[in-house]
Structures are given as structure tokens and as C-alpha cells.
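Chemist: can't give you the sequence, but here's the structure:
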């Protein structure tokens, strides 16, 4: 599976077992058709179901582009000297304003 490097902001949400919604922000390091890796100081636990919204800058060529992702956290990397993050495997969706107009 091909992975494509990115450096775009992302917001993410998950609901832990305790039941209240948690959220965070980070940067997408890379993305593929079935997953993405998020660099973030805060990470959901492995196995958590997350939803992500990637912030793509407006472009006159493409218009308003959004990437939405949802899936399970399959790997968590703890910070240390480098910033930590987490890998999500699931459903990647790409939306463009006007793409569904007839």
C-alpha cells in the first residue's frame, strides 16, 4: 500500500470507555487509502475508534477540499525525543465542493 507524506493539520475525536468525548489536534505525517499517521502530543489509546478531519488549504484549482477519516487506532508511538503519535486504519474519504453537483 502506497503512503503519501503530508504536513497538514488535523483534528481528531474519540470516546474512551469512561464515556465523555475527547479531542485533540496534530499533524498528518502520511496517508494511504486505508489509514493515516498523526503526530500529536496527545494520542487516543490503541483500539479506540477515532474520527479525523484533515485541514487542506483552499486552492483555486481544486476548491474547498476536505479529508475525513474514521477507524481504529492500531498503533501508538510514545514521544520521547521525537513527538509521538498514532496510526489509524479505516475509512478515508475525500470531499470537494461541487464534486456532487450535476
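Modeler: Arrived safely, thanks for sending. Just so it is clear, the structure is predicted and the values come from calculations on it, not from any experiment. Residues are numbered from 1 along each chain as shown.
Chemist: Give me the distance between the lowest-mean-pLDDT helix or strand in the chain and the centre of its chain.
Modeler: Within the chain, confidence by mean pLDDT, DSSP states H and E is lowest for strand 85-96 among all helices and strands, at a mean of 88. Relative to its parent chain, strand 85-96 has a centroid offset of 5 Å by CA atoms, centre = their mean, to the nearest Å.
Chemist: contacts for it?
Modeler: Residues from elsewhere that reach strand 85-96 (CB atoms under 8 Å, 6 or more residues apart in numbering): 26, 29, 31-40, 43-44, 46, 50, 52, 62-77. For glycine as for every other residue, the C-beta is placed from the backbone atoms N, C-alpha and C.
Chemist: Need the buried ones from these selected in PyMOL.
Modeler: Selection command for PyMOL covering only the buried members of the contacts of strand 85-96, criterion 16 or more other CB atoms under 10 Å:
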select buried, resi 26+29+31+35+36+37+38+39+40+43+44+50+52+65+67+69+70+71+73
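Chemist: returning to what we had before: mind listing what's buried along the least confident helix or strand of the chain?
Modeler: 85, 86, 87, 88, 90, 92.
Chemist: will you turn those into JSON lines that also has distance to residue 3?
Modeler: Supplementary listing: these in JSON lines, determined by distance: CB to CB, whole Å:
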{"residue": "85", "distance to residue 3": "14"}
{"residue": "86", "distance to residue 3": "15"}
{"residue": "87", "distance to residue 3": "11"}
{"residue": "88", "distance to residue 3": "13"}
{"residue": "90", "distance to residue 3": "15"}
{"residue": "92", "distance to residue 3": "12"}
